[in-house]
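A.B. asks: build me a model:
(one chain, ligands or ions: 1)
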Amino acid sequence: MKQVRIQCLNCGKLVIVSTLQPCFYCGRLYKDEEIDQLLQTNKAEPVEVEKLLAAQGPSVAPVLEVSPMPWKKLILVMAALFFLFFCMICLWLIIRFI
Ligand SMILES: [Zn+2]
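C.D. replies: Got it, this is the predicted structure:
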């Protein structure tokens, strides 16, 4: 599937279209030959799928921000265990010296 960035021939808006993807604003569908013709006359700019995925980067970022959470949880669990251990030692000392 070929995706191109063009100025819509119908409504004049800057849109990304393909043979399966009509104009976002007016719904004009471009045929393969039309897209080829636009590309040949430099009226269309080819769009790479990788670039589109990279443009969606911010939506991936929050997922990455969530990843430090298990570390925090682990530290909390460790702290809780350490506190329990500390309490046990205190109790043992109290029982021992009374
Ligand atoms: Zn349009």
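A.B. asks: for the residue lying closest to residue 22 once chain neighbours are set aside, give me the pLDDT.
C.D. replies: Excluding its sequence neighbours, the residue lying closest to residue 22 (C-beta to C-beta, 6 or more residues apart in numbering) is residue 29, at 4.2 Å. The C-beta positions use only the backbone N, C-alpha and C, and glycine is treated the same way. Looking at residue 29, its pLDDT stands at 95.
A.B. asks: tell me how far residue 29 lies from the ion.
C.D. replies: 10 Å (C-beta to the ion, to the nearest Å).
A.B. asks: part of a strand, is residue 17?
C.D. replies: Yes - according to DSSP: H, G, I helix; E, B strand; the rest coil, residue 17 belongs to a strand.
A.B. asks: quick one, what contacts it?
C.D. replies: 3-4, 6, 8, 23, 28-30, 35 (C-beta atoms under 8 Å, 6 or more residues apart in numbering).
A.B. asks: number of nearby residues for residue 34?
C.D. replies: 17 (other C-beta atoms under 10 Å).
A.B. asks: quick check: residue 4 touching residue 42?
C.D. replies: No - the pair residue 4 / residue 42 is not scored as a contact, 11.1 Å apart, by C-beta atoms under 8 Å.
A.B. asks: what about the two, which has more around it?
C.D. replies: Neighbour count, other C-beta under 10 Å: between residue 4 and residue 42, residue 4 has more, with 21 against 7.
A.B. asks: which SS state does the more buried one fall under?
C.D. replies: strand.
A.B. asks: now it: how far from residue 13?
C.D. replies: According to C-beta to C-beta, to the nearest Å, residue 4 and residue 13 sit 14 Å apart.
A.B. asks: cool, and residue 42?
C.D. replies: Distance, residue 42 to residue 13, using C-beta to C-beta: 19 Å.
A.B. asks: got it, and residue 93?
C.D. replies: 77 Å.
A.B. asks: all set, thanks.
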